[in-house]
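Asker: need a 3D model of the following:
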Amino acid sequence: RDFLETVLDALPFPISVKDASHRWIHLNSAALAENGWTRNVAMGMSDFDVHPPNIAERNAAEDDHAFAAGEMVITEDRSQLPDGRERWYLKTKQATALASGERLLIVSKLDIPERKHAELAAEESRRFLEADVGALPVPLVVKDEQHRFVMLSEEMARLNGAARSAGRSSPNGCSGKGIP
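Answerer: Predicted structure coming up:
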């Protein structure tokens, strides 16, 4: 047990172990530090003891799903830390059973702020580009590598009686007149 605790505490990301009643039976040093807890305070508590009801209920539902699935469940999770900072995590939950038959849930959280910020920035850029293309006063289409329309200006849609839509080989009703 000391060996396992030492190994888990050496890992730089939060890891916790819950029992079938959703109570923490182990948290590594990173999980304790993230929440400002001590091991003695946290042991035996559940999400309902430390989180608002909506977050606790979501976590319990994820736990139940992981216990039932019998396979690793991976989600992206936005959390607000006790100091008010917001973090994005790639959260994994894996159910397992001890030789005694006791079922446990192992939860790990990998901090992914840079990736999440890049995803959000890319989505914002895409929306901005779509708005710009849509507003152009000239007929314009943008196609992907499979020759599907991914963007269509309002003028092109108007000329062809089509709705602006993406991912189609031909926009609704678009004849392709004047499209190279």
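Asker: between the two ends of stretch 41-51, what distance do you get?
Answerer: Chord length of stretch 41-51, first to last residue, is 15 Å (Cα to Cα, to the nearest Å).
Asker: cool, and stretch 44-54?
Answerer: Stretch 44-54: ends 20 Å apart by Cα to Cα.
Asker: ok, and what's touching it?
Answerer: 18, 21, 22, 23, 24, 25, 35, 55, 56, 59, 60 (Cβ atoms under 8 Å, 6 or more residues apart in numbering). The C-beta positions use only the backbone N, C-alpha and C, and glycine is treated the same way.
Asker: which of those has the most neighbours?
Answerer: Comparing the contacts of stretch 44-54 by number of neighbours (other Cβ atoms under 10 Å), residue 18 comes first, having 25 neighbours.
Asker: how about the strands in this structure?
Answerer: Using DSSP state E, the strands of the chain run over 15-19, 24-27, 73-80, 86-97, 103-111, 141-143, 149-152.
Asker: would you reformat the ones you listed as CSV and include mean pLDDT and distance to residue 42?
Answerer: As requested, the strands of the chain are exported to CSV (pLDDT from 0 to 100; distance: least, Cβ to Cβ, whole Å):
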stretch, mean pLDDT, distance to residue 42
strand 15-19, 95, 9
strand 24-27, 94, 5
strand 73-80, 85, 16
strand 86-97, 90, 18
strand 103-111, 92, 13
strand 141-143, 82, 52
strand 149-152, 78, 48
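Asker: out of these, which comes closest to residue 117?
Answerer: strand 86-97 (8.1 Å; Cβ to Cβ).
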